[in-house]
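Engineer: just need the structure, nothing else, for what follows:
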Amino acid sequence: MRFRVRVGWMLLASVAASSLAFGQEQRPEAFDLLIRGGKIVDGTGNPWFEGDVAIRGDRIEAVGWLGSLATARRVIDAKGLVVAPGFIDIHSHSDMTLLEDGSAQSKIRQGVTTEVLGEDTSAGPAKGKGRPRTVSRGGAPATWTTLGGYFDALERQGVAVNVASYVGLGTLLECVQGDALDRPDAARLEEMKVLLDEAMRDGAIGLATMLASPRELAVTTDDLVELCQVVKRHGGLYSSHIRNEGVDVFKAVEEAIMIGRRANVPVDIIHLKIADESLWGRMKDVVSLIETARTEGINVQANVYPYTRGNNDLVTIIPPWAHEGGTAQLIARLKDRSLRDRLKHDIRTGLPGWYNHYTAVGGDWSRMLISARLSPVNKQFQGQTMDRIIAAKSTGVNPVPDPLDVLFDFLIDEHGRVSTIYAHHHETDMNLALVQPWCSIGSDGSALAIEGPLRRGHPHPRNFGTFPRVLGEYARNRKLLRLEDAVRKMTSLNAAKIGLTNRGLLRPGQYADISIFDPNTVIDQSTYLEPFQYSTGIAFVLVNGEPVLEKGGVLPARPGHALRHGRSSSTSKTSIERGN
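Structural biologist: So this is what the prediction gives:
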């Protein structure tokens, strides 16, 4: 601590001495911004120390006790506040919402300065059978066909946060085979590799999967190894929502490890959990698998969100074969009364290799909370659990319908999509994952708002509260983590995973992405029943040296940039490098 403090003072003393030596009796040149007297938690995990942070342009120039010699065009008094690197959300779904509204309100108010996108469905490529991407903001449409085109559109529109992105496996599959659920043949796999290579050249940080989804279920380990060999050539990362988080979770973790071993790529397992009540309490066995792999030299890590309920879709209860051909074919099968007995049998008993949300929650409809914005015919059921919806739809019906028939009809009404929060994993398991040194924080949420067009449906509280919840609940209240370790999991650990060498720490030369918060009050406010509530306790947020949040109020600045992997330019303002 003393060394760091001395460094800041010596830097200014040296500048002052040089000025006097040349007969210049003036103070050193003023910084653009000076953060004074805060508790500096620098992102390394080291103990906090009191000091200042000086910023010039978009970079941090000095950290430590800078004394009275330091002046600035603007000073932020951080006494009693923690000054930390801006938080990096390693698992975000804000791809489209950032284009619709670049303010990123629900994320900025959590202290997030960088969003990492692209699990399963990325913003690009959109070629071949892939659907063209178009999003409008204020009546101005943005259209693109490549991931690089998306990055360009984002920067033209303006965005408050930085953005990095994986290539989604689902997006690659859509480009080469549309809605088909078959395993890609050799020719299609080659097409996918070409598209993946192009996206990596556009600045993607790696490949991200959602192997539990119907369209990715047929993709084999061998296919993934081939794709990851392309990722390896570009120094990227393999990030995986593993194939099964329930009864086959151990096999699924082993598959992720095997891909890392065979392709020689780093692996990050998305929202590590055991999402089947029959295996609750066995997170120690999952941790053991990862620790053993790391001992063998395989760089496998993971991330979590600090909640025991996940957000997916009610349609995931429908077995994979019924999804073949896309939504229209799915609806047709749900309407076909001759198929309902088969559907019910597969839902209640399961299928080999399929992660079954229904059995994962023990068939308990009360553990399924509807988070979608529903059609007019069902609008009264928004924010309710499925047991209440089934009871309401069954009232007065004779004979009383099978709950699965109610489910099928509900999905038909809603055109096959109903966002749903599932209570399917356990606090003890989540806590054990959270404290592992290789486990970082990702929200699995989107940049939303409490008013306007981005106030949508009945979303999971993680969209509004992930990072303050870790700081306030798990670090301050439960003392499961030291404050310094919690900050590390949100900053430098995520930066290291995706190869950001110039963000995630408070050090001279780093980009000035900074979150300033009150350690005594920072907390999430969003709940499952009342999700549209911003977190509290985040006082200031800076992105590339510019304030985007001040005293809890969002500012109009849009200083964020696309962080293109492997590039350094005045446009992207970053150089993402991969180390082994």
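
Engineer: when you work out contacts or count neighbours from here on, use the C-alpha atoms and nothing else.
Structural biologist: Noted.

Engineer: find me the pLDDT at Leu454, would you?
Structural biologist: Per-residue confidence at Leu454 stands at 96 (pLDDT).

Engineer: kindly apply the preceding question to Ala423 instead.
Structural biologist: 95.

Engineer: tell me the spacing between it and Gly178.
Structural biologist: 32 Å (C-alpha to C-alpha, to the nearest Å).

Engineer: neighbour-wise, which of these two wins?
Structural biologist: Shown here are Ala423 and Gly178; by other C-alpha atoms under 10 Å, Ala423 has more neighbours (22 against 18).

Engineer: tell me, how many residues neighbour the closest residue to the more buried one other than its chain neighbours?
Structural biologist: In space, and not counting its chain neighbours, Ala423 is closest to Arg309: 4.3 Å by C-alpha to C-alpha, 6 or more residues apart in numbering. By other C-alpha under 10 Å, 23 other residues sit near Arg309.

Engineer: repeat that for Asp402.
Structural biologist: 11.

Engineer: swap in Asn520?
Structural biologist: Asn520, neighbours per other C-alpha under 10 Å, totals 14.

Engineer: the helix or strand harbouring Gly465: what's the following helix or strand?
Structural biologist: Element membership for Gly465 (DSSP states H and E) is helix 462-469. Moving toward the C-terminus from helix 462-469, the next helix or strand (DSSP H and E) is helix 483-490.

Engineer: that following helix: what's the following helix or strand?
Structural biologist: helix 492-498.

Engineer: distance between that next one and the chain's centre?
Structural biologist: Distance, stretch centre to chain centre, for helix 492-498: 13 Å (C-alpha atoms, centre = their mean, to the nearest Å).

Engineer: stretch 289-303 now?
Structural biologist: 21 Å.

Engineer: now do the same end-to-end measure for it.
Structural biologist: Termini of stretch 289-303 sit 15 Å apart (C-alpha to C-alpha).

Engineer: same question, stretch 546-566
Structural biologist: One end of stretch 546-566 sits 24 Å from the other (C-alpha to C-alpha).

Engineer: go through it and flag the buried ones.
Structural biologist: Residues 546-550, 552, 554, 557-566 are the ones in stretch 546-566 that count as buried (16 or more other C-alpha atoms under 10 Å).

Engineer: which ones among these are found in strands?
Structural biologist: Glu546, Pro547, Val548, Leu549, Glu550, Val554 (DSSP state E).

Engineer: distance check, the first one against Leu555.
Structural biologist: As for Glu546, its distance to Leu555 is 10 Å (criterion: C-alpha to C-alpha).

Engineer: please identify the helix or strand for Ala153.
Structural biologist: Here Ala153 is assigned to helix 147-157, by DSSP H and E.

Engineer: which residues are in contact with Gly80?
Structural biologist: Contacts for Gly80 were tallied using C-alpha atoms under 8 Å, 6 or more residues apart in numbering; they are Gly37, Gly38, Lys39, Asp518.

Engineer: tell me the secondary structure at the second one.
Structural biologist: Secondary structure of Gly38, reduced to three states by DSSP: H, G, I helix; E, B strand; the rest coil: strand.

Engineer: grab the nearest non-local neighbour of it.
Structural biologist: Using C-alpha to C-alpha, 6+ apart, the closest residue to Gly38 is Ala78 (4.5 Å).

Engineer: report how many residues lie close to the one you found.
Structural biologist: 24.

Engineer: how close does it get to Asp248?
Structural biologist: 49 Å.

Engineer: what segments of the stretch 101-250 of the chain are helices?
Structural biologist: In the stretch 101-250 of the chain, the helices defined using DSSP state H, counting those that start in this stretch lie at 105-108, 147-157, 169-177, 186-201, 221-233, 249-263.

Engineer: for Gln384, which of those helices is the nearest?
Structural biologist: Across the helices of the stretch 101-250 of the chain, Gln384 has its closest neighbour in helix 105-108 (23.0 Å, C-alpha to C-alpha).

Engineer: could you list every helix and strand in contact with that closest one?
Structural biologist: helix 462-469 (3 or more C-alpha pairs under 8 Å, 6 or more residues apart in numbering; DSSP states H and E).

Engineer: please state the offset of the helix it packs on from the chain centre?
Structural biologist: Centroid displacement of helix 462-469 relative to its chain, using C-alpha atoms, centre = their mean, is 11 Å.

Engineer: average pLDDT for it?
Structural biologist: The average pLDDT within helix 462-469 is 98.

Engineer: got the contact list for it?
Structural biologist: For helix 462-469, contacts defined as C-alpha under 8 Å, 6+ apart pick out 87, 106-107, 109-112, 305-307, 441-448, 490, 522-526, 531-537.

Engineer: need phi/psi at the residue nearest in space to the middle of the chain.
Structural biologist: The centroid of the chain falls nearest to His91 when counting by C-alpha atoms, centre = their mean (1.6 Å). With angles defined as degrees, to the nearest 10, His91 sits at phi -140, psi 90.

Engineer: kindly report the same for Asp42.
Structural biologist: phi -80, psi 0.

Engineer: please apply the same query to Asn378.
Structural biologist: Per degrees, to the nearest 10, the backbone of Asn378 is at phi -120, psi 10.

Engineer: and what of Ile389?
Structural biologist: Dihedral angles (degrees, to the nearest 10) for Ile389: phi -70, psi -50.

Engineer: need the pLDDT of the spatially closest residue to it that is not a sequence neighbour.
Structural biologist: In this structure, Ile389 finds its nearest non-sequential neighbour in Phe381, 6.5 Å apart by C-alpha to C-alpha, 6+ apart. As predicted, Phe381 sits at a pLDDT of 96.

Engineer: thought Ala70 was touching Ala30?
Structural biologist: Yes - in this structure, Ala70 is within contact of Ala30 by C-alpha atoms under 8 Å, at 7.0 Å.

Engineer: what residues sit buried inside the helix holding Gly465?
Structural biologist: So helix 462-469, judged by 16+ other C-alpha under 10 Å, has buried residues Arg462, Asn463, Phe464, Gly465, Thr466, Phe467, Pro468, Arg469.

Engineer: still on that earlier bit, keep only those of the contacts of helix 462-469 that are in helices.
Structural biologist: Ser106, Lys107, Met490 (DSSP state H).

Engineer: most neighbours of all those residues, which one?
Structural biologist: That'd be Lys107 among the ones in helices among the contacts of helix 462-469, by other C-alpha under 10 Å, with 32 neighbours.

Engineer: tell me how far the closest residue in space to that one that isn't next to it in sequence lies from Thr114.
Structural biologist: Once flanking residues are discounted, Lys107 sits nearest to Ala447: 5.6 Å by C-alpha to C-alpha, 6+ apart. Distance of Ala447 to Thr114, given as C-alpha to C-alpha: 11 Å.

Engineer: same deal with Ala332?
Structural biologist: 41 Å.

Engineer: cool, thanks, signing off.
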